[in-house]
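Participant: any chance you could fold what I've pasted below:
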Amino acid sequence: MPSNRHLLSVTDLNAQETGSLIGRALEMKGPDQGGAANALAGKSVALLFEKPSLRTKVSFMVGIQEMGGYSLYLGPEEVGLGTREPVSDVARVLSGYVDCIVARVDSHRSLEELAEFGTVPVINALSDWEHPCQIMADLLTVAEHQGNLAGRKLAFIGDGNNVARSLCLALPAVGMDFSIASPLGYMLERETLQKAREIGGRQEGIESLRNPVDAVKDADVVYTDVWTSMGDEAERYARLEAFQGYTVDPELLRQAKATASFMHDMPAHYGEEVPPGMLEHPQSVAYAQAHNRKHAQKAVLEFLLSG
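Facilitator: Coordinates of the predicted model:
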């Protein structure tokens with residue numbers, strides 16, 4: 001396995017690697033963890049977080065422990081990326097202590113600098129541009145609840161944010177279609193949509209729409225996220241107005257396939273992108289999706305650090 005690879009973007013993995021990681025994550029969900037109990041024995045991982053977290057922090061810490069490794073959490077008040085110390089210095093120093101850096105950052109550029117100046121693998125645990133660890137868990141969840149990924153369609157309703165961008169770029173590589181419905185001013189940029197079409201090798205299958213009903217037509221998965229992501233709080237009231245009509249409720253879900261799964265990466269803002277109780281809907285797999293973060297990330301860690 002590679003020892004100096006990074007996971008900053010879903011595009012850092014090719015289609016074969018993505019499929020192999022999903023399969024490996026499924027194995028790791030078994031009672032013997034797929035034989036990975038000592039995969040990180042003697043390894044240390046720094047969790048460098050500028051943003052708060054529940055699922056990401058806990059799933060990484062528990063997953064690393066289950067694989068025999070050691071994790072060290074560093075919050076924003078302890079490091080101060082780019083303020084207390086330059087990112088380049090942080091990268092160089094941490095590389096002498098740990099075997100991997102898992103970073104949850106305000107700016108994607110910080111990840112690029114950590115990878116540029118450090119000498120250990122860097123994993124993107126969320127940036128303003130992408131969220132690859134979330135998407136690996138999402139693909140694992142779709143595979144479990146919908147079967148083969150190829151030929152499936154995922155519809156994303158909401159902001160063209162980091163999660164939507166990573167989904168758009170990841171799905172074509174595994175043969176899935178992607179549609180997104182967003183209000184004007186909050187749509188995914190044209191460059192990302194075109195790059196996704198190039199990854200999939202065809203122009204069709206990637207749609208950017210305004211109407212949520214049109215987006216969920218024939219969808220196997222209906223996915224949503226908060227309308228106001230961390231860092232966008234100053235825009236909250238403008239966003240609440242702009243996203244009226246983009247709530248994913250049981251009525252909208254009925255416009256997708258009868259067998260469609262509902263997904264949400266959480267945390268949820270009830271009364272906004274979903275009504276209260278939507279994560280408990282019979283078609284919701286949101287909690288399984290959250291739990292799959294641990295298994296998908298364990299597969300990524302083994303891939304980057306074993307060997």
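Participant: and for the nearest residue to Asp232 once chain neighbours are set aside, the neighbour number?
Facilitator: Leaving out its chain neighbours, the residue that sits closest to Asp232 by CB to CB, 6 or more residues apart in numbering is Arg239, at 7.0 Å. From N, CA and C alone the C-beta is placed, and that goes for glycine too. Counted with other CB atoms under 10 Å, residues neighbouring Arg239 total 22.
Participant: one more: Arg5?
Facilitator: 17.
Participant: so who does it touch?
Facilitator: Asp12, Pro121, Phe303, Leu304 (CB atoms under 8 Å, 6 or more residues apart in numbering).
Participant: check what pLDDT the second one gets.
Facilitator: Read it as Pro121. On pLDDT, Pro121 comes in at 98.
Participant: let me know how buried the closest residue to it other than its chain neighbours is, in neighbour terms.
Facilitator: Distances taken as CB to CB, 6+ apart put Leu304 closest to Pro121, at 4.3 Å, once the chain neighbours are dropped. Using other CB under 10 Å, Leu304 has 21 neighbouring residues.
Participant: host element of Leu304?
Facilitator: Assigned by DSSP states H and E, Leu304 belongs to helix 286-305.
Participant: mind listing what's buried in that helix?
Facilitator: Residues of helix 286-305 classed as buried by neighbour count (16 or more other CB atoms under 10 Å): 286, 289-305.
Participant: give me the distance between it and the centre of its chain.
Facilitator: 10 Å (CA atoms, centre = their mean, to the nearest Å).
Participant: look up phi and psi at Leu209.
Facilitator: phi -130, psi 170 (degrees, to the nearest 10).
Participant: surely the residue nearest to Pro121 touches Cys100?
Facilitator: Yes. The pair Leu304 / Cys100 is scored as a contact, 6.6 Å apart, by CB atoms under 8 Å.
Participant: same for the helix holding Leu304, what does it pack against?
Facilitator: The helices and strands touching helix 286-305, judged by 3 or more CB pairs under 8 Å, 6 or more residues apart in numbering; DSSP states H and E, are helix 15-28, helix 55-66, strand 100-104, strand 122-124, helix 132-146, strand 261-264.
Participant: please, where are all the strands along the stretch 201-307 of the chain?
Facilitator: Taking DSSP state E, counting those that start in this stretch, the strands of the stretch 201-307 of the chain run over residues 206-209, 221-224, 261-264.
Participant: nearest to Gly19, of the contacts of Arg5?
Facilitator: Nearest to Gly19, judged by CB to CB, of the contacts of Arg5 is Phe303 at 12.3 Å.
Participant: centroid-nearest residue for this protein?
Facilitator: Nearest residue to the geometric centre of the chain (CA atoms, centre = their mean): Gln134, 2.1 Å.
Participant: touching, that residue and Leu126? I think so.
Facilitator: Yes. Counting by CB under 8 Å, Gln134 does reach Leu126; the two are 7.4 Å apart.
Participant: and the lowest-mean-pLDDT helix or strand in the chain, what's buried?
Facilitator: Using mean pLDDT, DSSP states H and E, the weakest-scoring helix or strand in the chain turns out to be helix 76-79, at a mean of 84. Within helix 76-79, the residues scored as buried using 16+ other CB under 10 Å are Pro76, Val79.
Participant: got a list of what the residue nearest to the centre of the chain touches?
Facilitator: Leu126, Val163, Ser166, Asp265, Arg293.
Participant: ok, Leu139 next?
Facilitator: Thr18, Ile22, Leu149, Ala170, Val174, Ala296.
Participant: recalculate using a threshold of 7 Å.
Facilitator: Taking CB atoms under 7 Å, 6 or more residues apart in numbering, we find Leu139 in contact with Thr18, Ile22, Leu149, Ala170, Val174.
Participant: do Leu305 as well
Facilitator: Counted by CB under 7 Å, 6+ apart, Leu305 has contacts Leu40, Lys43, Asp99, Cys100, Pro121.
Participant: for Val163, same thing?
Facilitator: His131, Gln134, Asp225, Asp265.
Participant: show the pLDDT at it.
Facilitator: 98.
Participant: same question, Ser3
Facilitator: Looking at Ser3, the pLDDT reads 47.
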